[in-house]
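S.K.: Here is my input, please return the structure:
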Amino acid sequence: MFSLVYISRVTQRFSPADLLALLTASREKNHRLRITGMLLYKDGNFMQLLEGEEAVVRELYATIASDPRHCNVTVISEETHPERLFPAWSMGFQDLAMVDPEKVPGYTNFLNVPLTEAEFSDDPSRGQKLLLLFKRIG
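M.R.: Numbering: from 1, shown residues only. Prediction:
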């Protein structure tokens, strides 16, 4: 199973209604494409893991990367796994601004890092760890 994790910066802030509309459309499309994954949003930055058939994931990522609603779209990891990491989630989501990180089991300062390339480029696996943490508490 192929997975790709990217980060990006929004070009204009997303309201809660904007995020809901994005999630609704993404979940429908991902279900149709047999893509699963997780999306995190914090302070105008996205981190997303997409998983599925490699060609389909890469095509979807290309569409996402060309979307004018965000910029600085950067892949931080690409991996192959024996099975899906998010098998039941057409698109899990967490707005990290709505989470009190100190109330998350296993809290560390890691939950306070910005979702930027600078934070994850040295160790891309950190991004996957963050996404999987929210799978466990979701």
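
S.K.: What count of nearby residues applies to the closest residue to F2 other than its chain neighbours?
M.R.: In space, and not counting its chain neighbours, F2 is closest to E54: 3.8 Å by C-beta to C-beta, 6 or more residues apart in numbering. C-beta here means a position set from N, CA and C on the backbone, and glycine is covered the same way. A count of neighbours around E54, defined by other C-beta atoms under 10 Å, yields 14.

S.K.: Please tell me how far E54 sits from A62.
M.R.: Separation of E54 from A62 (C-beta to C-beta, to the nearest Å): 13 Å.

S.K.: and Q12, which of the three is it?
M.R.: Secondary structure state of Q12, per DSSP: H, G, I helix; E, B strand; the rest coil, is coil.

S.K.: And the closest residue to it other than its chain neighbours, its phi and psi?
M.R.: The shortest distance from Q12 to any non-neighbouring residue, by C-beta to C-beta, 6+ apart, is to R69 (7.3 Å). Here is the backbone geometry of R69 (degrees, to the nearest 10): phi -80, psi -10.

S.K.: for the protein, where's the lowest mean pLDDT among helices and strands?
M.R.: In the chain, no helix or strand scores lower on mean pLDDT, DSSP states H and E than strand 92-95, which sits at a mean of 54.

S.K.: Which positions within the longest helix anywhere in the chain qualify as buried?
M.R.: With residue count as the measure and DSSP state H as the assignment, the chain has helix 16-33 as its longest helix. Using 16 or more other C-beta atoms under 10 Å as the test for burial, helix 16-33 gives 22-23, 26-27, 30, 33.

S.K.: just curious, which of these is nearest to R9?
M.R.: When those are compared for distance to R9 (C-beta to C-beta), L22 wins out at 14.9 Å.

S.K.: I'd assumed F14 was in contact with the closest one.
M.R.: Yes: the pair L22 / F14 is scored as a contact, 7.0 Å apart, by C-beta atoms under 8 Å.

S.K.: rewinding a little: for the longest helix of the chain, which helices and strands make contact with it?
M.R.: Helices and strands touching helix 16-33, by 3 or more C-beta pairs under 8 Å, 6 or more residues apart in numbering; DSSP states H and E, are strand 36-42, helix 54-65, strand 92-95.
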